[in-house]
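Trainee: no letters, just coordinates:
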């Protein structure tokens with residue numbers, strides 16, 4: 001993997017760059033649709049590629065390990081062959097899923113023992129076998145095993161957790177260096193900055209991770225319930241420390257406004273389930289603001305979903321028709337809404353790249369943030 005920084009905005013820390021991987025180039029800043037179980041819910045891979053213009057998607061080590069299992073993925077020749085997505089893929093290590101399984105897991109210095117949410121069977125993740133699992137999956141970018149601390153958490157807990165995360169990080173990189181990709185191409189490994197909302201811990205973690213010399217770096221443990229101002233403060237703090245010449249990945253973020261504000265702080269990569277999950281519940285993101293398409297007010301509205309036409313479905317379907325599909329509980333409703341929301345998110349980061357190159361990002365961002373989150 002290689003990252004080339006092309007331009008940095010003069011008024012903010014927003015950057016334009018390009019990441020080269022074995023499965024194609026990724027223009028940054030970029031939003032990455034979440035495909036937890038090897039699929040982005042309610043949309044075909046072909047539509048992801050051609051219509052939403054996705055450049056990279058996510059898979060999840062925890063979920064893919066449990067189902068279908070790494071023996072199945074390995075037998076197919078890796079995740080790209082298994083799911084038919086032949087562009088870049090990033091896999092989360094499963095640390096966040098382990099965090100969400102508080103009642104069904106036990107952590108220690110060696111790793112984490114957890115019960116499957118599928119059948120209750122017991123499993124263990126260690127820094128070493130998480131790397132081995134991701135080698136079998138075959139993602140272009142892999143993540144280290146970490147603990148995502150909850151919010152709020154006590155300082156002492158966050159400090160102890162950070163020590164464990166850094167220990168696991170070192171073990172992950174040792175295993176990474178002692179193993180090779182299984183499918184004829186190289187895989188990158190990103191460490192993850194943690195430290196909850198404590199400045200000294202975030203600084204310590206960012207400095208520790210900067211010294212690893214990884215091909216890219218991630219920022220985790222934010223967007224877990226803390227006030228948005230705190231998320232921005234921690235993100236800015238960390239971005240000021242992480243190497244300029246490496247891509248920065250802010251995990252689990254977020255709303256369209258979060259996306260733009262994070263880009264302004266120097267973030268290059270983001271992911272979130274929000275555009276797909278909210279789409280399936282009838283929430284649509286548009287340039288004018290947020291639409292709950294189930295509302296009665298759209299019943300006789302025969303205008304496009306988004307009048308600016310940021311997705312291929314905008315020209316094909318009206319608000320009234322999409323509302324009818326949701327009210328009727330038709331599966332097509334989720335498909336149309338998902339395609340629209342993902343296309344909108346990918347349009348948003350593409351526009352950000354254009355504005356950074358033009359030198360007008362900051363004024364455009366400030367204007368867009370105000371209108372993106374208003375309810376229509």
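Mentor: Everything's here; your move. Please read these numbers as outputs of a predicted model, since none were measured by experiment. Numbering: from 1, shown residues only.
Trainee: part of a helix, is residue 19?
Mentor: No. Looking at residue 19 with DSSP: H, G, I helix; E, B strand; the rest coil, it is strand, so not inside a helix.
Trainee: so what's it closest to, chain neighbours aside?
Mentor: The spatial neighbour of residue 19 that comes closest, neighbours along the chain excluded (CB to CB, 6 or more residues apart in numbering), is residue 26 at 4.2 Å. The way it works is simple: take the backbone N, C-alpha and C, and place the C-beta from them, glycine included.
Trainee: buried stuff in the helix or strand hosting the one you found?
Mentor: In this assignment (DSSP states H and E), residue 26 forms part of strand 24-28. By neighbour count on 16 or more other CB atoms under 10 Å, the buried set for strand 24-28 is 26, 27, 28.
Trainee: across the sheet, point out what pairs with the second one.
Mentor: In this case it means residue 27. Counting by DSSP bridges, residue 27 forms beta bridges with residue 18.
Trainee: who are the neighbours in contact with it?
Mentor: With contact taken as CB atoms under 8 Å, 6 or more residues apart in numbering, residue 27 is in contact with 16, 17, 18, 55, 350, 353.
Trainee: go again with 7 Å.
Mentor: Contact analysis of residue 27 by CB atoms under 7 Å, 6 or more residues apart in numbering lists 18, 55, 353.
Trainee: go through the buried residues of strand 24-28 and name the one nearest residue 7.
Mentor: residue 28 (10.9 Å; CB to CB).
Trainee: coming back round to it: closest to residue 361 out of the buried residues of strand 24-28?
Mentor: Residue 361 has its nearest neighbour among those in residue 28, at 13.5 Å by CB to CB.
Trainee: what about that closest one, distance to residue 376?
Mentor: Distance, residue 28 to residue 376, using CB to CB, to the nearest Å: 30 Å.
Trainee: likewise for residue 29?
Mentor: To residue 376, residue 29 is 26 Å away according to CB to CB.
Trainee: SS state for the residue in the chain sticking out farthest from the centre?
Mentor: Largest separation from the mean C-alpha position in the chain: residue 300, at 35.9 Å (CA atoms, centre = their mean). Classification of residue 300 by three-state DSSP places it in coil.
Trainee: equivalent analysis for residue 114, please.
Mentor: Here residue 114 takes the strand state, with states given by three-state DSSP.
Trainee: list the contacts for the spatially most central residue of the chain?
Mentor: Centroid check for the chain by CA atoms, centre = their mean gives residue 271 as the closest residue, at 2.0 Å. If you count contacts by CB under 7 Å, 6+ apart, residue 271 has them with 32, 34, 58, 251, 252.
Trainee: any idea how the protein splits into domains?
Mentor: Following automatic domain parsing, one finds the domains of the chain at 2-272, 279-372.
Trainee: what sits up against the host helix or strand of residue 263?
Mentor: Using DSSP H and E, residue 263 sits within helix 256-264. The contact list for helix 256-264, computed with CB under 7 Å, 6+ apart, reads 12-14, 29, 31, 232, 235, 250, 253, 270, 285, 348-349, 352, 365, 368-369, 372-373.
Trainee: which ones among those map onto helices?
Mentor: Of the contacts of helix 256-264, the ones assigned to helices by DSSP state H are 232, 235, 348, 349, 352, 365, 368, 369, 372.
Trainee: quick check, nearest of those residues to residue 205?
Mentor: The closest of these, once distances to residue 205 are taken by CB to CB, is residue 235, at 12.9 Å.
Trainee: spatially nearest residue to the closest one, not counting backbone neighbours?
Mentor: Here the residue nearest residue 235, using CB to CB, 6+ apart, is residue 265, at 5.1 Å.
Trainee: quick one: the one you found and residue 238, what's the gap?
Mentor: Relative to residue 238, residue 265 is positioned 9 Å away (CB to CB).
Trainee: what of residue 372?
Mentor: Residue 372 sits 24 Å away from residue 238, going by CB to CB.
Trainee: so those two - more neighbours on which side?
Mentor: In terms of neighbours (other CB atoms under 10 Å), residue 238 is the more surrounded of residue 372 and residue 238; the figures are 27 against 21.
Trainee: measure the more buried one to residue 302 for me?
Mentor: 47 Å.
Trainee: now swap in residue 231 and tell me
Mentor: Residue 231 is 39 Å from residue 302, by CB to CB.
Trainee: helix 256-264 and the strand holding residue 26, what's the angle between them?
Mentor: Using axes from the mean of the first three to the mean of the last three CA atoms, to 10 degrees, the inter-axis angle of strand 24-28 relative to helix 256-264 is 90 degrees.
Trainee: so how far is strand 24-28 off the chain centroid?
Mentor: Chain-centre distance of strand 24-28: 15 Å, with CA atoms, centre = their mean, to the nearest Å.
Trainee: with stretch 42-59 instead?
Mentor: Distance, centroid of stretch 42-59 to centroid of chain: 14 Å (CA atoms, centre = their mean).
Trainee: go on, stretch 363-376?
Mentor: The answer for stretch 363-376 is 22 Å, by CA atoms, centre = their mean.
Trainee: cool, and stretch 162-169?
Mentor: 22 Å.
Trainee: pLDDT of that stretch, averaged?
Mentor: Stretch 162-169 shows a mean pLDDT of 96.
Trainee: check stretch 248-263 too.
Mentor: Stretch 248-263 carries an average pLDDT of 97.
Trainee: over to stretch 188-206?
Mentor: Averaging pLDDT along stretch 188-206 gives 98.
Trainee: in it, what counts as buried?
Mentor: Quick answer for stretch 188-206 (16+ other CB under 10 Å): 188-198, 201-206.
Trainee: got the contact list for that stretch?
Mentor: So stretch 188-206 is contacted by 1, 140-144, 146, 149, 151, 153, 155, 158-159, 161-162, 165, 169, 172-173, 176, 209, 212, 214-221, 226, 230, 234, 237-238, 241-242, 249 (CB under 7 Å, 6+ apart).
Trainee: how far does that stretch stretch from start to finish?
Mentor: 19 Å (CA to CA, to the nearest Å).
Trainee: alright, calling it a day.
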